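Asks: The sequence isn't on hand, but the structure is:
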């Protein structure tokens, strides 16, 4: 592991990624993920989607809720690596609840087994696992309040000194379990990180993981970090914020695990340079994403790369019935680079 780049096969690897959730209208990712078989139409869509990601020049897919078929399609393409998100509930009362931890461990086992079932003998083009994504402030604070004495973790692969909070101890424990399970059952281990966000950047830190990851959206920064210094090259707040994050921990790589813009129609239109949470035109989405890529590429210190959120509009959010229509008031359903036209 270098200070700036993640190493793949011993060489620095700059990540150019796209988030991919195969959540077409009428399908829920967490159901398709564990299905024994998929309809031909969905299989064909997955094939086309991953080929499009490769054709656009990306070298990495960030998977969420991916069924076995998605890994098989990726293997056939041959040119793409992947980052695997381990979904952990973001709104819970206590991350250390025994039942919650066991369900999390069971999910880890299912994902690791699925990957190695497609890629035997350690052949998976897997860059890293992300143990969790944007755990909420309320969950972090509630967990810490319930377990004020938890301040360190000592495992086989992950060991920390004192000074952690209970939410950080949970991430250390879960990361250690993932590495142990993969090593014990498949003889390999992969890098592990956690996708943090701007709202919790000062509440949770993961120096015990292999590199740092942050989701960074341009519209968040002026409202949540109004004192952010403008970027050293582009002058944008996005570049300034990633430069600040990198400066906090210059000794390890920093990966931007999400950045994107929503084109939801029923939201205030703000436009560049910081855009808005929804309300962007498709042209603004395109130019804003190009700007974000430039911000990362020209930051004061090199970053490990950037992952665009996301390939497909997420009609699946908020349940199966909702997945058959795209709600013009729901900003979260309009981040896709590819517009879904319906079922």
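Replies: Cool, the structure landed. This structure is a prediction, so every number in the text was calculated from the model and none was measured. Residues are numbered from 1 along each chain as shown.
Asks: Where do the domain boundaries of this structure fall?
Replies: According to automatic domain parsing, the chain comprises the domains 1-79+216-343, 87-215.
Asks: now the first one, how far from the chain's geometric center?
Replies: In other words, domain 1-79+216-343. Its chain's C-alpha centre and that of domain 1-79+216-343 lie 8 Å apart, by Cα atoms, centre = their mean, to the nearest Å.
Asks: Over to the shortest one?
Replies: Between the centre of domain 87-215 and the centre of its chain there are 13 Å (Cα atoms, centre = their mean).
Asks: Would you mind measuring the gap between the ends of it?
Replies: One end of domain 87-215 sits 15 Å from the other (Cα to Cα, to the nearest Å).
Asks: average pLDDT across it?
Replies: Domain 87-215 shows a mean pLDDT of 97 in the predicted model.
Asks: Can you list the strands that the helix or strand that contains residue 194 pairs with?
Replies: Residue 194 belongs to strand 191-196 when assigned by DSSP states H and E. Paired neighbours of strand 191-196 in the sheet (DSSP bridges): strand 126-133 (parallel), strand 212-215 (parallel).
Asks: on that earlier part again, could you save the domains of the chain as a markdown table and add columns showing mean neighbour count?
Replies: C-beta: built from backbone N, CA, C; applies to glycine. Shown next, in a markdown table, are the domains of the chain (neighbours: other Cβ atoms under 10 Å):
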| stretch | mean neighbour count |
| --- | --- |
| domain 1-79+216-343 | 18 |
| domain 87-215 | 18 |
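Asks: for residue 288, phi and psi?
Replies: Residue 288 adopts backbone torsions of phi -70, psi -40, taken as degrees, to the nearest 10.
Asks: again, but for residue 12
Replies: Taking degrees, to the nearest 10 as the convention, residue 12 sits at phi -60, psi 140.
Asks: Who is it paired with across the strands?
Replies: Note on residue 12: beta-bridge partners by DSSP bridges are residue 7.
Asks: And the pLDDT for the residue nearest the centre of the chain?
Replies: Closest residue to the average C-alpha location of the chain: residue 257 at 4.8 Å, with Cα atoms, centre = their mean. Per-residue pLDDT puts residue 257 at 98.
Asks: Tell me which residues touch it, please.
Replies: Contact analysis of residue 257 by Cβ atoms under 8 Å, 6 or more residues apart in numbering lists 62, 83, 130, 133, 193, 195, 213, 214, 215, 307.
Asks: if we can go back for a sec, in JSON lines: the strands paired with strand 191-196, plus distance to residue 285.
Replies: As requested, the strands paired with strand 191-196 are exported to JSON lines (distance: least, Cβ to Cβ, whole Å):
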{"stretch": "strand 126-133", "distance to residue 285": "22"}
{"stretch": "strand 212-215", "distance to residue 285": "17"}
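Asks: out of these, nearest to residue 182?
Replies: Residue 182 lies closest, by Cβ to Cβ, to one member of the strands paired with strand 191-196: strand 126-133, at 8.6 Å.
Asks: For that closest one, give me every contacting residue.
Replies: Applying Cβ under 8 Å, 6+ apart, the contact partners of strand 126-133 are 6, 8, 13, 15, 60, 62, 81-88, 90, 115, 119, 171, 174-175, 178, 190-195, 209-211, 213, 215, 257.
Asks: Over to stretch 174-193?
Replies: Under the criterion Cβ under 8 Å, 6+ apart, residues 1, 6, 86, 88, 101, 104-105, 108-109, 112-113, 116, 122, 126-132, 153, 155-158, 194, 206, 208-213, 255, 257 lie in contact with stretch 174-193.
Asks: No further questions, thank you.
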